[in-house]
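>>> I would like the atomic coordinates for the input below:
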Amino acid sequence: MKVISSERLPIKMWLEDIEDGALQQAKNLANLPFAYKHIAIMPDSHQGYGMPIGGVLATEGVIIPNAVGVDIGCGMCAVKTSLTEINTETFKKIMGEIRKVIPVGFKKHDKAQNIRLMPLLPDEGNIVWANKENALKSLGTLGSGNHFIEIQKGSDGHIWIMIHSGSRNLGKQVADYYNKIAKDLNAKWHVSVPKEHDLAFLPVDSDEGQNYIKEMNYCVEFALANRKLMMERIKKVFLEIIEEDTRKKQIKSATRLSDINLEFEPIINIAHNYASLEHHFGKNVWVHRKGATLAREGTIGIIPGSQGTKSYIVKGKGNKESFESCSHGAGRAMSRTEAKKTLNLEEEIAKMEAKGIIHGMRHQNDLDEASGSYKDIDVVMANQSDLVDILITLEPIAVIKG
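Now for the predicted structure:
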């Protein structure tokens with residue numbers, strides 16, 4: 001851990017290679033009058049809007065919509081299967097069927113999904129309610145950018161399913177609405193926080209603050225419901241394809257279908273864009289995790305790598321200095337624009353094909369999610385060895401990107 005002591009509060013960093021923009025944003029956080037104790041910067045950190053991605057900020061009495069971000073509740077889920085091997089042709093069938101049942105990118109379902117699959121809607125007259133119809137069509141969809149579905153082989157010998165997705169457009173609508181309110185109120189109050197820092201805040205005891213907290217929490221629940229629905233549909237695809245392949249084998253080898261007992265362990269879920277009221281260093285404070293995940297002692301979490309690299313199932317160590325947090329992934333090493341301009345498509349494809357990974361990288365525009373645009377996950381994990389223990393290492397077999 002590296003400590004910067006030049007600002008009002010210390011900045012504690014679990015990395016060396018922080019970019020200038022992210023460092024300046026961390027300094028802006030450290031000088032907020034309501035920031036508490038210190039700022040924690042995770043090893044995957046890079047510049048975001050207002051606050052660095054991979055940043056952890058604790059505040060007293062206020063909440064900052066931009067310190068949560070636009071994809072409220074975005075996070076990871078993973079499920080361990082009882083399978084230990086699947087042949088390549090079966091994998092290709094599975095990935096093809098997944099694409100049929102889960103819209104990716106900006107696509108959503110043509111019809112609204114069952115409303116019972118969503119968290120209970122709050123009262124009328126709020127942003128969530130106003131966007132419920134679009135949310136019902138977006139439920140069970142992957143989204144774009146760095147969101148993904150990946151099939152992996154674990155160091156435990158088992159096949160795993162992993163999903164990275166968020167609250168789709170619902171979280172953005174809530175974030176944008178309350179960030180605008182915060183900006184307008186901060187201008188009216190002539191607050192000391194510079195407007196250009198994009199860190200407008202809401203007092204938690206105000207109506208606006210309470211409304212944001214309620215809608216933020218709903219988006220966290222919606223994002224989980226979104227991941228759960230996708231996972232259930234992926235599990236169904238696995239069952240159907242494995243059963244179909246088994247029936248074909250029966251003809252040749254008289255294998256009984258009952259001999260195949262495909263089981264799934266309970267889902268592991270962890271969010272990385274939210275704020276919660278927690279007790280740290282003797283006070284109840286609002287901990288904002290923007291691209292950072294909870295690593296309380298014993299908490300089981302997920303830290304994904306980049307496309308084509310390892311991911312990890314981890315257990316938190318409860319390090320107080322990080323506000324019991326850890327990284328949410330590998331973290332970007334270059335912007336999307338820079339990646340598309342500088343990375344070599346053939347080289348990035350060759351990296352994955354050398355490992356036998358089934359992927360969808362075909363065009364120059366796909367390079368914004370190539371492994372070359374991200375930090376080295378091995379370095380990231382080494383830098384946070386005091387934050388988490390690695391339980392299982394996961395190697396990618398097949399990936400679908402948003």
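>>> the strands in the stretch 51-200 of the chain, which residues?
53-59, 62-63, 75-80, 148-154, 159-165 (DSSP state E, counting those that start in this stretch).
>>> contacting residues for residue 283?
Each residue near residue 283 by Cβ atoms under 8 Å, 6 or more residues apart in numbering is listed here: 36, 60. All C-beta atoms are positioned from the backbone trio N, CA, C, and that covers glycine.
>>> same thing but 6 Å
By Cβ atoms under 6 Å, 6 or more residues apart in numbering, no residues touch residue 283.
>>> Tell me the bridge partners for it.
Note on residue 283: beta-bridge partners by DSSP bridges are residue 280.
>>> Roughly how far does it sit from residue 61?
According to Cβ to Cβ, to the nearest Å, residue 283 stands 11 Å off from residue 61.
>>> Can you name every helix or strand that the biggest strand by length in the chain contacts?
When the chain is parsed with DSSP state E, its longest strand is strand 388-401. Under the contact criterion of 3 or more Cβ pairs under 6 Å, 6 or more residues apart in numbering; DSSP states H and E, strand 388-401 touches strand 148-154, strand 311-316.
>>> Which positions within that strand qualify as buried?
388, 392, 393, 394, 395, 396, 397, 398, 399, 400, 401 (16 or more other Cβ atoms under 10 Å).
>>> Could you pull up phi and psi at the residue nearest to residue 104 when sequence neighbours are not counted?
In this structure, residue 104 finds its nearest non-sequential neighbour in residue 142, 4.4 Å apart by Cβ to Cβ, 6 or more residues apart in numbering. Dihedral angles of residue 142 (phi, psi; degrees, to the nearest 10) stand at phi -80, psi -40.
>>> who's in contact with residue 142?
With Cβ under 6 Å, 6+ apart, residue 142 has these contacts: 102, 104, 165, 402.
>>> The second one contacts residue 402, doesn't it?
Okay, so that is residue 104. Yes - contact criterion Cβ atoms under 6 Å: residue 104 and residue 402 qualify, at 5.2 Å.
>>> ok, then the element right after whichever strand or helix holds residue 341?
Per DSSP states H and E: residue 341 is located in helix 336-342. Once helix 336-342 ends, the next helix or strand along the chain (criterion: DSSP H and E) is helix 345-354.
>>> how much does that following helix deviate in direction from strand 388-401?
120 degrees (axes from the mean of the first three to the mean of the last three Cα atoms, to 10 degrees).
>>> packing partners for the helix or strand that comes right after helix 345-354?
Next along the chain after helix 345-354, taking DSSP H and E as the criterion, comes helix 377-383. Here helix 377-383 touches strand 39-46, going by 3+ Cβ pairs under 6 Å, 6+ apart.
>>> The strand it packs on pairs with which strands, parallel or anti?
Take DSSP bridges as the rule and strand 39-46 pairs in its sheet with strand 11-13 (parallel), strand 53-59 (antiparallel).
>>> how about JSON lines for those, with mean neighbour count, distance to residue 300 and mean pLDDT added?
Output for the strands paired with strand 39-46, formatted as JSON lines (neighbours: other Cβ atoms under 10 Å; distance: least, Cβ to Cβ, whole Å; pLDDT from 0 to 100):
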{"stretch": "strand 11-13", "mean neighbour count": "22", "distance to residue 300": "24", "mean pLDDT": "98"}
{"stretch": "strand 53-59", "mean neighbour count": "27", "distance to residue 300": "19", "mean pLDDT": "98"}
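>>> rewinding a little: can you give me the mean pLDDT across the helix holding residue 341?
Average pLDDT, helix 336-342: 93.
>>> Provide a list of residues in contact with residue 94.
Listed by Cβ under 6 Å, 6+ apart, the contact set of residue 94 reads 237, 241.
>>> how much space between it and residue 402?
Distance of residue 94 to residue 402, given as Cβ to Cβ: 18 Å.
>>> what residue is smack in the middle of the protein?
Among the residues of the chain, residue 75 comes closest to the average C-alpha position under Cα atoms, centre = their mean, at 3.1 Å.
>>> circling back: same list, the strands of the stretch 51-200 of the chain, but as TSV with distance to residue 228 please.
TSV is the format used below for those (distance: least, Cβ to Cβ, whole Å):
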stretch	distance to residue 228
strand 53-59	25
strand 62-63	26
strand 75-80	7
strand 148-154	14
strand 159-165	9
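>>> Mean neighbour count, those: which tops it?
Greatest average neighbour count among the strands of the stretch 51-200 of the chain goes to strand 53-59 (a mean of 27), per mean count of other Cβ atoms under 10 Å.
>>> Check the offset of it from the chain's centre.
Centroid separation between strand 53-59 and its chain, computed with Cα atoms, centre = their mean, to the nearest Å, is 15 Å.
>>> Kindly report the same for stretch 63-75.
Put simply, stretch 63-75 sits 11 Å off its chain's centre (Cα atoms, centre = their mean).
>>> To residue 276, which of the strands paired with strand 39-46 lies closest?
Nearest to residue 276 among the strands paired with strand 39-46 is strand 53-59 (10.5 Å), distances taken as Cβ to Cβ.
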